[in-house]
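1. Fold the following.
(3 chains)
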Amino acid sequence: MSSTFRTTGLAVGVLALSAGAAFGQDAAAPEAAEAVEYALASDTAYIFNTLLFLIGGFLVMFMAAGFAMLEAGMVRSKNVSMQCLKNISLYSIAGLMFWIVGYNLMYSGVDGGYFGTPSPKMIEPVGGSDLGAGYSGASDWFFQMVFCAATASIVSGTLAERIKLWPFLIFTAILTGILYPITGSWEWGAGWLDGMGFSDFAGSTLVHSVGGWAALSGAILLGARIGKYGPNGQVHPMPGSSIPLATLGTFILWLGWFGFNGASQLAMGTISDVTDISRIFVNTNLAACGGVVTAVILTQIIYKKVDVTMALNGALAGLVSITAEPLAPGIFTSIIIGSVGGAIVVFAVPMLDKMKIDDVVGAIPVHLLAGIWGTMIVPLSNSDATYSVQFIGVAAIGVFTFVASGIVWAILKATIGLRPSEEEETMGMDKAEVGVEAYPEFGQGSQRL
Amino acid sequence: MSSTFRTTGLAVGVLALSAGAAFGQDAAAPEAAEAVEYALASDTAYIFNTLLFLIGGFLVMFMAAGFAMLEAGMVRSKNVSMQCLKNISLYSIAGLMFWIVGYNLMYSGVDGGYFGTPSPKMIEPVGGSDLGAGYSGASDWFFQMVFCAATASIVSGTLAERIKLWPFLIFTAILTGILYPITGSWEWGAGWLDGMGFSDFAGSTLVHSVGGWAALSGAILLGARIGKYGPNGQVHPMPGSSIPLATLGTFILWLGWFGFNGASQLAMGTISDVTDISRIFVNTNLAACGGVVTAVILTQIIYKKVDVTMALNGALAGLVSITAEPLAPGIFTSIIIGSVGGAIVVFAVPMLDKMKIDDVVGAIPVHLLAGIWGTMIVPLSNSDATYSVQFIGVAAIGVFTFVASGIVWAILKATIGLRPSEEEETMGMDKAEVGVEAYPEFGQGSQRL
Amino acid sequence: MSSTFRTTGLAVGVLALSAGAAFGQDAAAPEAAEAVEYALASDTAYIFNTLLFLIGGFLVMFMAAGFAMLEAGMVRSKNVSMQCLKNISLYSIAGLMFWIVGYNLMYSGVDGGYFGTPSPKMIEPVGGSDLGAGYSGASDWFFQMVFCAATASIVSGTLAERIKLWPFLIFTAILTGILYPITGSWEWGAGWLDGMGFSDFAGSTLVHSVGGWAALSGAILLGARIGKYGPNGQVHPMPGSSIPLATLGTFILWLGWFGFNGASQLAMGTISDVTDISRIFVNTNLAACGGVVTAVILTQIIYKKVDVTMALNGALAGLVSITAEPLAPGIFTSIIIGSVGGAIVVFAVPMLDKMKIDDVVGAIPVHLLAGIWGTMIVPLSNSDATYSVQFIGVAAIGVFTFVASGIVWAILKATIGLRPSEEEETMGMDKAEVGVEAYPEFGQGSQRL
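-> Predicted structure coming up:
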């Protein structure tokens, strides 16, 4: 009997958590508190909530493999080892930086302001049995960390084949330890943007656009790959070395997105929460389906062939588009949101080429443009969001990330330099910096392209 | 205290669910109701049940990647991009069709009949907190949808390398939106076959044989790949382009099968259910082990070499074989059932070649023949099933799917045509229809084969 | 009401389980019993505990794919099919052997002794609803089986490219059915080592070192690949055929490790347990991050290039290092433990080459040496462990496994022989024994190396 009483006494703490959950990773949502039903013993809810972070976390962690395969498949064989190296390194650096400084900079003591406290994240002691916030802080750190790592992965793809290893890794450390946490704090850390009512459930802007802006500023400072653009505006295709690896990467990312969006509900200890997570699964999946089908149909109409890389990026753009609000829209609306994402990719990829912005994997259309689209369309289905505040959020985070990233890239360029020598780039980064060819027995990339 | 009382009052609804669960995805099993023990608060059971669908769902979703890799590895390099494109497209089309029409056609208002109601599936509103059926309807849709997509994946493998993209995608839409849901409704939708006592726990027949029959009818109408069979009955091997990708695909499918069979228990909110799921995991895994070892030993004896593709297909055949009844058999019986599946593959693959039925990945032996075997052997371990009713189910679903698929294929052949021109097929589908080569730097498929 | 009473009555059984859990897979830890808090109804705890084994189990099962891809990527293309075949076969054999004899040999009736009862494992009947040990025995078998399979995977990598299929498979059967269970029984089966207070949470020694010792004894008896070492001590690099597959394998292993270490908590039905699991996720992840970053920095300093294979093995070594004690250390300590693991790899790989021990994938540094390191450093963070007992455990298990494996290898060598003919080895195992080339269209391994 005493167990029942204790449980009842502690229910209030979990109640607050559940209430916030209905608004995804956004911090404050007091107006929803009344609507939430509380039923489970707090202990059970704590376990469910923590389990959600752990499952969601390992799914998003696996997206690191997805990005690695997508990029390994989309670059030429002479740069594949480098891309593998960058992806495992950036995931590792993100983990370390988000522990040392990032998490608390993003979540601790922001209080409506512009950043939190740069200090290492503490987790529960062994055998910790404090109900606390209604979930394990360690599980929460793990879940948020993998989002941070995903942001850095986006940059890696755009800048592939022509950036040296170390400046990229240094940038990664700054992005994951400082830049991403700062803009993240504005919204998910209950900072000023959250106070205004900005809405970004799982990170169309906070994760995907931030990665996209950082990539864009890097791409501009870095310039295009040698030979990509001819003197008279010609675009020379540099096809990726392995379409099946790119396809695998896309499927892994799609799988990971169920954790990305689903676990951004942040709670699973009530019927409402788990039902909402289910709804998010459905919307997320069908938005991606819409993105694929739209890209397939459009490329058939425009090019008379169906470009598989557009289908893959269509899936990803659909996923990015629905990420800002995967819960509120109905199914049909979700499909439309994802489909527009797919269309954005089809039209933006050649547009970027016209602007001579060399984006090796199409990350800017997929993550930046579809991320903006997804964020701006939130008010269509979520009446708590407004177009004006959504625009302010998109613009503020965009300007900050683009400028701050640009400064970091510029400093790196002026000091250790960003690009390999022309000879090294032509030879491929694998021979130049990694010393290990990706396909020593059948790759002839350096001779062929 | 009030929470405890409400819970007790609602327990009956979940009781019914749990009872059905002991019979897998089969709808009606009233005789089991007495045996089920009910213990948890309904809210907790609801969360566990829904979580089972979500976890099972993402595992089966990932099987789309498994099929894609298996097929990408088993086709020649000149058709790999096409295979990737088909797989991501079919998964997307399946999702859309199963929402627009398929789910309700399969599950809504079948009432012992031959099909349900063709209408879009509705899911819970945001914050839905109705205990309802004891799980979230959205999670159930997601879980059932990925089964539907798996069915279409089977077809894709058999018909690879010689079917144009669009007729394949149109067939996929009809299969996933109409054909699969109709036969599915007969059993899992509580239709006439279920009323007779047919038993197919997770879909040896409803998913795997259906995919196999649709593939077989297509393979017959489509004919073999150019050069596959010589004028005097010679069989020219056309080895796949990447054994490691095929291996990866097999392992991903194996992983997904824990969701496929395990979550087909349909409930996890009681000790009985989660214990049964554990039993299913063990039986499923060991049936696959039996399939592998049998295929390895048989190919060593017959061919004096151990064909790795037979080992992979042995695993899959073992998995398909146990899928009709992964719960009732003991471990030893499960191993035998899976081993026979492995043997079927070893003998059926050359048999199909003798019949000049060109099955690129071996999907007909794996999914159709092992699916029939698995379904027919159910009565050995499950006394609620009879051999005669199992035969009626296998035959009825087989005839319907084979004929209906054949009609669709025939119409497509007569209208837009199924096959590319001889020149296009020789060149490879990647150049002909996708415009993106899978391995532009080291693939020389078109020159070599 | 009666449900509540029954629950209370059964709580004691689960209490014992939870208590043991705080010591990972180690069997006896009575002194911790007082510290454990019990809150949930036993039924709910049973479901959570079982679910932990199922989720952890499928994650570790997927490590079979990780090992397969890692090894497929690290061997030359002429041996890739063989490596795929070995990996799916060994996983299958491990499953069968660990059911027939292994599990009970390891866990049943050890009672402080040297081995248990060699008999098939029994699992619960259909609909089993006995609270029993607080989790489903079938789920426990599944979880422990995948550990056994992982052990055999380690051997496969070291001995690649020069061992015939059948002696390898026979060794696998003995390792997974007899050798691994015997040493496992000493600790996790509550045998003599556990009685002394040896501590190995998730298997740095019991799994990874055991695999490493078995691999080492095989490598010595087998000798190096033809051409690997020149007459004057030259080392001829034999680069792997696909770095992206090796990278994918590493990421899959990293993913699986959350199940490997996290679910080795063995219980998830209390706040303490799930919080500890979260702590384990964080420590495990950051130890791997430390391993990667250390390997990257060290290879940059030593070789002026960053060897991606060292980064991958650095991740794995970090993971192996933290496996003996992923719960007790603080985050910073975990990073250091993993970093030392990364350093071990960088220095040990060339050292082994100097000793002319040919370890194709670096499994001996990663699994054996980092496993020893991880086990020996446990007392730093876990005061229940002592350096002397840790040393006794490492040495006893090492001597037993090295000697017993050596005897098995020697018998196999003297009877059916271990190595293919020189001609077969030069031609590659794929043509010699599998009959299926991994990359028939672009692999030219036999001509090139």
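2. can you pull the contacts of A:Met122?
-> By Cβ atoms under 8 Å, 6 or more residues apart in numbering or on different chains, A:Met122 lies in contact with A:Gly137. (Each C-beta comes from the backbone N, C-alpha and C, glycine too.)
3. Now name the helix or strand holding it.
-> Under DSSP states H and E, no helix or strand contains A:Met122.
4. Angles on the backbone of it, please.
-> phi -90, psi 140 (degrees, to the nearest 10).
5. what's near enough to touch A:Glu161?
-> By Cβ under 8 Å, 6+ apart, the contact set of A:Glu161 is A:Val75, A:Arg76, A:Asn79, A:Arg225, A:Met238, A:Val360, A:Glu425, A:Met429.
6. Buried ones among these?
-> Neighbour counting with 16 or more other Cβ atoms under 10 Å in any protein chain shown marks A:Val75, A:Arg76, A:Asn79, A:Arg225, A:Met238, A:Val360, A:Glu425, A:Met429 as buried within those.
7. Of those, which are in range of chain B?
-> Here is what survives when those are matched to chain B using Cβ under 8 Å from any Cβ of the partner chain: A:Arg76.
8. Might you specify the subset of the contacts of A:Glu161 located within helices?
-> Applying DSSP state H to the contacts of A:Glu161, the entries found in helices are A:Glu425, A:Met429.
9. Out of the buried ones among the contacts of A:Glu161, name the two that are farthest from one another.
-> Maximum pairwise distance among the buried ones among the contacts of A:Glu161 (Cβ to Cβ): 13.8 Å, between A:Met238 and A:Met429.
10. Give me the phi and psi for the closest residue to A:Gly195 other than its chain neighbours.
-> Computed as Cβ to Cβ, 6 or more residues apart in numbering or on different chains, the closest residue to A:Gly195 that is not its neighbour in sequence is A:Gly112, at 4.9 Å. A:Gly112 adopts backbone torsions of phi 80, psi 0, taken as degrees, to the nearest 10.
11. Likewise for A:Met268?
-> Residue torsions, per degrees, to the nearest 10, at A:Met268 are phi -140, psi 10.
12. Ok, A:Gly417 next?
-> A:Gly417 adopts backbone torsions of phi 80, psi 150, taken as degrees, to the nearest 10.
13. now swap in the one 10 residues further on and tell me
-> Backbone dihedrals for A:Met427, given as degrees, to the nearest 10, come out at phi -70, psi -30.
14. does it really touch A:Arg76, like I thought?
-> No - using Cβ atoms under 8 Å, A:Met427 makes no contact with A:Arg76, being 11.6 Å away.
15. hey, what's in contact with both of the two?
-> Common neighbours of A:Met427 and A:Arg76 (Cβ under 8 Å, 6+ apart) do not exist.
16. if I look at the residue nearest to A:Gly195, how far off is chain C?
-> 29 Å (Cβ to the nearest Cβ, to the nearest Å).
17. go on, A:Ile178?
-> Counting by Cβ to the nearest Cβ, the gap from A:Ile178 to chain C is 18 Å.
18. number of nearby residues for that residue?
-> 18 (other Cβ atoms under 10 Å in any protein chain shown).
19. which residues touch it?
-> Counting by Cβ under 8 Å, 6+ apart, A:Ile178 makes contact with A:Val101, A:Gly102, A:Leu105.
20. Buried ones among those?
-> Of these, these count as buried by 16+ other Cβ under 10 Å: A:Val101, A:Gly102, A:Leu105.
21. out of these, who's nearest A:Gly330?
-> Checking the buried ones among the contacts of A:Ile178 against A:Gly330 by Cβ to Cβ gives A:Gly102 as the nearest, at 35.8 Å.
22. In three-state terms, label that closest one for me.
-> The three-state label given to A:Gly102 by DSSP: H, G, I helix; E, B strand; the rest coil is helix.
23. From chain C, how far out is the spatially closest residue to it that is not a sequence neighbour?
-> Excluding the flanking residues, the one nearest A:Gly102 by Cβ to Cβ, 6+ apart is A:Pro181, at 4.4 Å. Shown here: A:Pro181 relative to chain C, a distance of 17 Å by Cβ to the nearest Cβ.
24. does A:Pro181 really touch A:Thr151, like I thought?
-> No - A:Pro181 is beyond contact range of A:Thr151, at 10.1 Å (criterion: Cβ under 8 Å).
25. A:Phe67 in helix, strand or coil?
-> helix.
26. That one: neighbouring residues, count only.
-> A:Phe67: 28 surrounding residues under other Cβ under 10 Å.
27. Is it in contact with A:Gly157, as I believe?
-> Yes - counting by Cβ under 8 Å, A:Phe67 touches A:Gly157, with 6.8 Å between them.
28. Mutual contacts of these two, please.
-> Between them, A:Phe67 and A:Gly157 share no contacting residue under Cβ under 8 Å, 6+ apart.
29. what residues are up against A:His105?
-> Not His; residue A:105 is Leu. Applying Cβ under 8 Å, 6+ apart to A:Leu105 gives the contacts A:Phe115, A:Gly116, A:Thr117, A:Pro118, A:Gly177, A:Ile178, A:Pro181, A:Ile182, A:Ser185.
30. secondary structure class for the last one?
-> Translated: A:Ser185. helix.
31. give me the number of residues near it?
-> Neighbours of A:Ser185 under the rule other Cβ under 10 Å: 30.
32. Check the fifth one too.
-> Counted by other Cβ under 10 Å, the residues lying close to A:Gly177 total 22.
33. Torsion angles phi and psi at it?
-> phi -90, psi -30.
34. and it, what does it touch?
-> With contact set as Cβ under 8 Å, 6+ apart, A:Gly177 has these partners: A:Met97, A:Phe98, A:Ile100, A:Val101, A:Gly102, A:Leu105.
35. which regions of the stretch 1-150 of chain A sit below the pLDDT cut-off?
-> Where the stretch 1-150 of chain A drops to pLDDT under 70, the residues are A:1-23, A:26-40.
36. how close does the closest residue to A:Ile280 other than its chain neighbours get to C:Leu70?
-> In space, A:Ile280 comes closest to A:Pro326 once its chain neighbours are excluded; the distance is 4.5 Å by Cβ to Cβ, 6+ apart. Per Cβ to Cβ, to the nearest Å, A:Pro326 is found 34 Å from C:Leu70.
37. which ones are touching A:Thr50?
-> Residues near A:Thr50 by Cβ under 8 Å, 6+ apart: A:Tyr135, A:Ser136, A:Ser139, C:Val274, C:Thr275, C:Ile277, C:Ser278.
38. The last one is in contact with A:Gly132, isn't it?
-> Yep, that's C:Ser278 we're talking about. No - judged on Cβ under 8 Å, C:Ser278 makes no contact with A:Gly132 at a distance of 11.8 Å.
39. the more surrounded of the two?
-> C:Ser278 (29 against 17).
40. Could you look up the SS state of the more buried one?
-> helix.
41. Next: the one 4 residues further on.
-> Local secondary structure at C:Val282 is given as helix here, using three-state DSSP.
42. show me the contacts for it.
-> Per Cβ under 8 Å, 6+ apart, neighbours of C:Val282: A:Trp99, A:Ile123, A:Ala138, A:Trp141, A:Phe142, C:Ile331, C:Ser334.
43. measure the residue nearest to it when sequence neighbours are not counted to B:Trp409 for me?
-> Leaving aside its sequence neighbours, C:Val282 sits nearest to A:Ala138 (Cβ to Cβ, 6+ apart; 4.9 Å). Separation of A:Ala138 from B:Trp409 (Cβ to Cβ) stands at 55 Å.
44. likewise A:Lys164?
-> As judged by Cβ to Cβ, A:Lys164 and B:Trp409 stand 54 Å apart.
45. Kind regards, and thank you for your time.
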